[in-house]
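3D model of this:
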Amino acid sequence: MILDRQQREVVALSIQETADRHDWLIYAVNVRTNHVHVVAGGSVAPEEILSSFKANATRAMRQTGSWAGDYRPWSAGGSKRYLWSEDSVRRAIEYVNNQDHHS
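Residues are numbered from 1 along each chain as shown. Next comes the predicted model:
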């Protein structure tokens with residue numbers, strides 16, 4: 001699955017809208033052509049945040065007509081790391097922000 005520019009924009013907006021709706025913080029987001037990096041925080045487990053981001057991004061792409069498939073575009077699982085220190089959060093943000101935003 002390769003996300004085109006429109007799909008990447010829809011996914012990025014959906015992630016921010018999902019976070020806003022749940023009062024989660026987005027520290028960094030980088031929607032790539034074949035995967036997504038997000039550093040987020042909230043009062044729930046990372047598994048719930050990841051699941052919500054995936055479900056709402058799929059819904060948003062379907063609503064905008066940029067995803068017509070019957071299946072979900074996301075792979076099973078995904079990284080759900082807990083970041084326990086300010087330094088680990090900073091390093092994760094730097095990693096996400098220093099990725100090439102075009103691939």
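
A68: neighbour count?
Residue crowding around A68 was assessed by other CB atoms under 10 Å; the count is 7. All C-beta atoms are positioned from the backbone trio N, CA, C, and that covers glycine.

which residue is the nearest non-sequential neighbour of it?
R62 (7.4 Å; CB to CB, 6 or more residues apart in numbering).

ok, the nearest residue to P46 once chain neighbours are set aside - contacts?
With sequence-adjacent residues excluded and distances taken as CB to CB, 6+ apart, P46 is closest to K80, at 3.7 Å. By CB atoms under 8 Å, 6 or more residues apart in numbering, the contact set of K80 is A45, P46, E47, I49, L50.

what's the helix or strand for the fourth one?
For I49, the element it lies in under DSSP states H and E is helix 46-63.

name the residues of that helix that are buried.
P46, I49, L50, S52, F53, K54, N56, A57, T58, A60, M61 (16 or more other CB atoms under 10 Å).

same deal with stretch 20-27?
Buried residues in stretch 20-27, counted by 16+ other CB under 10 Å: W24, I26.

run the chain-centre distance for that stretch.
The chain centroid and the centroid of stretch 20-27 are separated by 12 Å, computed with CA atoms, centre = their mean, to the nearest Å.

just for this protein, where's the confidence low?
Across the chain, the ranges flagged by pLDDT under 70 are 101-103.

spell out the residue ranges of the strands in it.
Ranges of strands in the chain, per DSSP state E, are 25-31, 36-41.

winner for burial among those?
Greatest average neighbour count among the strands of the chain goes to strand 36-41 (a mean of 19), per mean count of other CB atoms under 10 Å.

R91 - how many residues pack around it?
13.

go on, Y95?
Residues within reach of Y95, counting by other CB under 10 Å, total 13.

could you measure from it over to N30?
Y95 sits 9 Å away from N30, going by CB to CB, to the nearest Å.

and S75, by the same measure?
Going from S75 to N30 by CB to CB gives 17 Å.

now R62
22 Å.

same check, this time on S85
S85 is 22 Å from N30, by CB to CB.
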